[in-house]
Structures are given as structure tokens and as C-alpha cells.
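Visitor: I would like the atomic coordinates for the input below:
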Amino acid sequence: MASIHLLHSPKTLTLPKFRSSFPSTMGIATRSLSFPKPKPKTITCAATPATDRLISAVSYTLPFFNSLQYGRYLFLQFPKLGLVFEPLLPLLGLYRSVPYSSFVAFFALYLGVVRNPSFSHYARFNAMQAVTLDVLLVLPLLIQRIFSPGQAGVGFKLMMWGHNGIFVFSVFCFVYGLVSSILGRTPYLPFVADAAGRQL
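Guide: Coordinates of the predicted model:
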């Protein structure tokens, strides 16, 4: 009977009160889970050496010089457009004065930079993009020689529009690659970057 009396005793039914200590522990837990926000990373051109930027910028002149032949129809339609490229005429004349200059520049970039492990990946990737773009610029000339559209008609108009589009695209690639290389950033040329990346 004594045990039954203890079970029904009101002292055994009282529970300790944790209400006063509970909020303080919750406050500590919430304060401990707060993390500082990471600072955004800034990319500067100082990370890329000046020599790599110079090699990358010069590399894009190879496909640009070889693509000027595609702009002859635009130069005929818009004579003032030639004034934009007039400062480059001395460099272009020096480039074409060397026999087989396009082949020499091509193999100099491919064997001297792309396949040379002493250069950084940045310089090799940009050189490979320039070499790949230069190879792609040869394909329209081969197609033109195969189909020989003539000097008039629908075929001639298609060839003229194709030349204009190729020239505008090559100028865009040259300006984009040149500016990005000077700033130390990696340019990703459309239709070219994936092919260049697979070759490295």
C-alpha cells in the first residue's frame, strides 16, 4: 500500500520547469550557425604575364590578315570602310612581303607555341584558337574552287554574301581575341574554342 500511495502522491507528478533556460540555449544555437558571407572574387589582368598576353594578341593577327581577302566585296560597296583598316596596311605589306608568310606563321604558331610545353596553357590555347580559325578560313576558298560560281547569277550573289559574312566574323574574332588578350582574359571564339580545346 505504501508503494501505491507514493505513485499517487502529488509530489511525484510535478515535472521540472525548463522554460527559463530553453530560450538562452536557442539563442546561442542560432548565433553559432550564422556564417559570414564570402567576399566576391575579382579577376585582374595581373594574373596573366605580359609575355603570354603579347603572344596571344599577336596570334590572332594570323587569321585576320588571311581573312582580308574576303572583305573585297564590302570594300567595293563601302569605300569608306577601307579607312578603318588603313593603319594596318604597313603591317599587312610587311607580312605579305615574306615569301610563304602564311605557312611560316602557321607552323611557327603551331610548332613553336601550341606544341611547346614551355609556354603557359593560356598562350597555347589562344595560339591554338588562332590556328584553328586560320584553317577554317581556307575551307570557303576550297568550296569556291570546286563549285566555281562564276561572275554573275545566284551563285555569285551567294558567294558574295558568304564572303561578307566570313569577313565580319573574322573581324569580330580578331577584335574580341585581341582585346581579351590585352586584358589577360581568355576569349572563347564561337565554333572555334571547342575544337581548339580538344587539341590541347
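Visitor: how about residues contacting stretch 117-128?
Guide: The contact list for stretch 117-128, computed with CB atoms under 8 Å, 6 or more residues apart in numbering, reads 48-49, 51-52, 55-56, 59-60, 109-110, 113-114, 116, 177, 181, 186-187, 196-197, 199-200. Where you see a C-beta, it was placed from the backbone N, CA and C, and this is true even at glycine.
Visitor: so where's this protein shaky on pLDDT?
Guide: Applying pLDDT under 70 to the chain flags residues 1-46.
Visitor: all helices of it, in order?
Guide: 2-7, 22-32, 50-59, 61-67, 72-77, 82-85, 89-97, 101-109, 121-136, 139-147, 154-183, 193-199 (DSSP state H).
Visitor: before we move on, back to that, buried subset of the contacts of stretch 117-128?
Guide: 48, 52, 55-56, 59-60, 109-110, 113-114, 177, 181, 187, 196 (16 or more other CB atoms under 10 Å).
Visitor: ok, the residues you listed vs residue 98, which is closest?
Guide: residue 109 (14.6 Å; CB to CB).
Visitor: who are the contact partners of the closest one?
Guide: With CB under 8 Å, 6+ apart, residue 109 has these contacts: 59, 62, 127, 130, 131.
Visitor: who wins on neighbours among those residues?
Guide: residue 130 (30 neighbours; other CB atoms under 10 Å).
Visitor: name the nearest residue to that one, sequence neighbours excluded.
Guide: residue 59 (4.0 Å; CB to CB, 6 or more residues apart in numbering).
Visitor: any idea how far the one you found lies from residue 157?
Guide: 34 Å (CB to CB, to the nearest Å).
Visitor: can you name the two of the buried ones among the contacts of stretch 117-128 that are farthest apart?
Guide: Taking CB to CB, no two of the buried ones among the contacts of stretch 117-128 sit farther apart than 48 and 110, at 21.6 Å.
Visitor: any idea how many residues pack against the closest residue to residue 147 other than its chain neighbours?
Guide: Counting by CB to CB, 6+ apart, residue 147 lies nearest to residue 155, which is 7.1 Å off, once chain neighbours are set aside. Close neighbours of residue 155, defined as other CB under 10 Å, add up to 14.
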